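Participant: Need coordinates for the below:
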Amino acid sequence: MKNWKKGLASIAVIGLGFALAACGSSNSTDETTTSSTTAAADDSTFTYAISGDPSSTNPINTSDRWGLTVTNMIYSPLVAVEADGTTKNVLADSVEAADDGLSVTVKLKQDIKWSDGEDFTADDVVFTYEQKVKKENGNADSLWVDDQPISIEKVDDYTVKFVLPSPSASAVSNIATETYIIPEHIYKDVTDFSVAELPESPVGTGPYKLKEYKRGEYFTFEANENYFEGAPSIKNVTLRIIESTDTAKVALQKGEVDAAVVLPSDIEDLDDSQITVYPYTENRIGYLGLNTNTDELKDVKVRQAVLYALNKDELNQGAYLSDEYYATPYSFLPPNNPYVTEDVEKYDTNVDKAKELLQEAGVSDLTLNIAFTSTDPAQTIQATLIQQQLQQAGITVNLEGGDGTAIFTELKKADSTKYNLFLGGYIMGNDPDLYARLFTTGGGSNYFQANIESIDTLFAEAAVELDADKRADLYDELQQVIADEAIIYPIVDNKKILAVNNRIGNVEDASLIPIYTFEDMSKLTIK
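Facilitator: Predicted structure coming up:
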């Protein structure tokens, strides 16, 4: 196997911000109405508490946790990434990369039906990728190489070929993963795929069909009888939107929902005869971001001073109680990433050094603000501790809690200066090139407003390097440069803790995975 095939176990980019809630109009896709207070005790319904609306339900551009969760229920990708980083063919029967690194041929499974009974074919794959590769639709980063788009060709009804403009280890590794295929016959007349909600009622190959979405309240789904893995065991699913973690916990305890994400501090309050907790890693980085476009943080010495004044252990103990539920990162890559190195500046707490750097920069009486999602208890605790820690170095911090979606929408604006500091998180996968959208100039999720030539150059060189060892060396250097530039302070790789009512069976068979919670919700049962 060629060296450049090393990274095939990679997950597609998803968006930033822990449990983001998104703006958008409510959309009922079916005339049937369903009460948002559907009891979890209904023996045909599984109810899962989620923390907010998706920022998008459009599978072409959705990138937040709940948008992807909904997408994964309705649609299917060619290839999925497992919790351990290995890949699993879903709509693909086989994936074969050419030896020259310039093309990837995918043979598709046959006899798969869309939820409306129409046949799934190569035309649907070509149509989907033709929409996704368009930059104006908002999620094309991984489908461009050397500023040129990847093209896709139909070989026959069940074979497609991706053609790269130049060799790229990253593109070859990631091209078939985590892009959810949509049906051409449903969406062929849609003229704008940049929107948050597509105008047509969803038709997919996934385990469930969307019945209704009422913004701020719930999603309801019914089983897709045409699902190629077999009809789901549970007929109906409700995703109930509950922003408050405390409220979700109470709903779980009362049996109003079957599953909810809880904090470590919540576990002792749960009756283990009725509820089981499932902690699992998502290879997530929770971080403090520094907006390099603000006047206060343009100077790298000031940014470094901020980081030296912080105490990472205190932030993690305060939010997650025990290292049983978290690991501590130092790179922008999570601790279990195959490319990660700890040979970077760790910014061990040194208040005196922070003060010296501020003095060297000619800065005194520094005042910053910090944005965080106010409904997220972990971020609220961390923001308060950061305020206290920076005060020890003579830095005043004003707390700016608010809606996560609104905060990151503001940060995404070109030249935004509203926030100096911000708390967020991301789950990006194994291949470091997937993180380029975070840190490169003009990257789709460059909330740090970074415009640093050395970072851009290293990402570009590593993406096309076909020798695995040389590529790894480039990523080592990149991690060091990003740490030295002090644009991000990695805080935590926290475990997600899913609490589930014991009436729900086969939780582990449904596979708990990053982002989506369940790899395949059709495997769940009601006892």
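Participant: contacts and neighbour counts: CA atoms only from here.
Facilitator: Will do.
Participant: Tell me how far Thr86 lies from Ile513.
Facilitator: For Thr86, the distance to Ile513 equals 12 Å [CA to CA, to the nearest Å].
Participant: more neighbours, the two?
Facilitator: Legend: neighbour count by other CA atoms under 10 Å for Thr86 and Ile513, higher for Ile513 (19 against 14).
Participant: Tell me, what's the model's pLDDT at that one?
Facilitator: Note for Ile513: predicted pLDDT of 92.
Participant: ranges for the strands of the stretch 401-527 of the chain?
Facilitator: 421-426, 488-494, 496-501, 504-505, 512-513, 517-518, 525-526 (DSSP state E, counting those that start in this stretch).
Participant: Tell me where the longest helix sits in the chain.
Facilitator: helix 468-485 (DSSP state H).
Participant: hang on, the earlier thing: which one of the strands of the stretch 401-527 of the chain lies closest to Glu324?
Facilitator: strand 488-494 (9.3 Å; CA to CA).
Participant: What helices and strands are in contact with the closest one?
Facilitator: Applying 3 or more CA pairs under 8 Å, 6 or more residues apart in numbering; DSSP states H and E, one finds that strand 488-494 makes contact with strand 285-290, helix 312-320, strand 326-327.
Participant: Can you name the element that comes right after the first one?
Facilitator: Yep, that's strand 285-290 we're talking about. Per DSSP states H and E, the first helix or strand lying C-terminal to strand 285-290 is helix 300-308.
Participant: Mind jotting down where the helices sit in this structure?
Facilitator: Going by DSSP H, the chain shows helices at 65-74, 122-132, 169-174, 184-187, 245-253, 300-308, 312-320, 351-360, 377-391, 404-412, 436-439, 453-464, 468-485.
Participant: Tell me which residues are up against the fourth one.
Facilitator: Spelled out, that is helix 184-187. 123-124, 127-128, 200, 203 (CA atoms under 8 Å, 6 or more residues apart in numbering).
Participant: Would you convert the residues you listed into JSON lines that also reports neighbour count?
Facilitator: Putting those into JSON lines (neighbours: other CA atoms under 10 Å) gives the following:
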{"residue": "Asp123", "neighbour count": "19"}
{"residue": "Asp124", "neighbour count": "21"}
{"residue": "Phe127", "neighbour count": "18"}
{"residue": "Thr128", "neighbour count": "22"}
{"residue": "Glu200", "neighbour count": "11"}
{"residue": "Val203", "neighbour count": "22"}
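Participant: Can you list the residue ranges for strands in the stretch 151-300 of the chain?
Facilitator: 151-156, 159-163, 208-214, 218-223, 236-241, 259-261, 275-280, 285-290.
Participant: Mind checking those for the one nearest to Ala486?
Facilitator: Here strand 285-290 is closest among these (CA to CA), at 7.7 Å.
Participant: Identify the residues contacting the closest one?
Facilitator: In contact with strand 285-290 (CA under 8 Å, 6+ apart) are residues 18, 297, 303, 329, 332-334, 420-427, 447-448, 486-494.
Participant: Throw the strands of the stretch 401-527 of the chain into CSV and include distance to Val277, thanks.
Facilitator: Listed next are the strands of the stretch 401-527 of the chain as CSV, based on distance: least, CA to CA, whole Å:
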stretch, distance to Val277
strand 421-426, 22
strand 488-494, 15
strand 496-501, 4
strand 504-505, 12
strand 512-513, 12
strand 517-518, 13
strand 525-526, 17
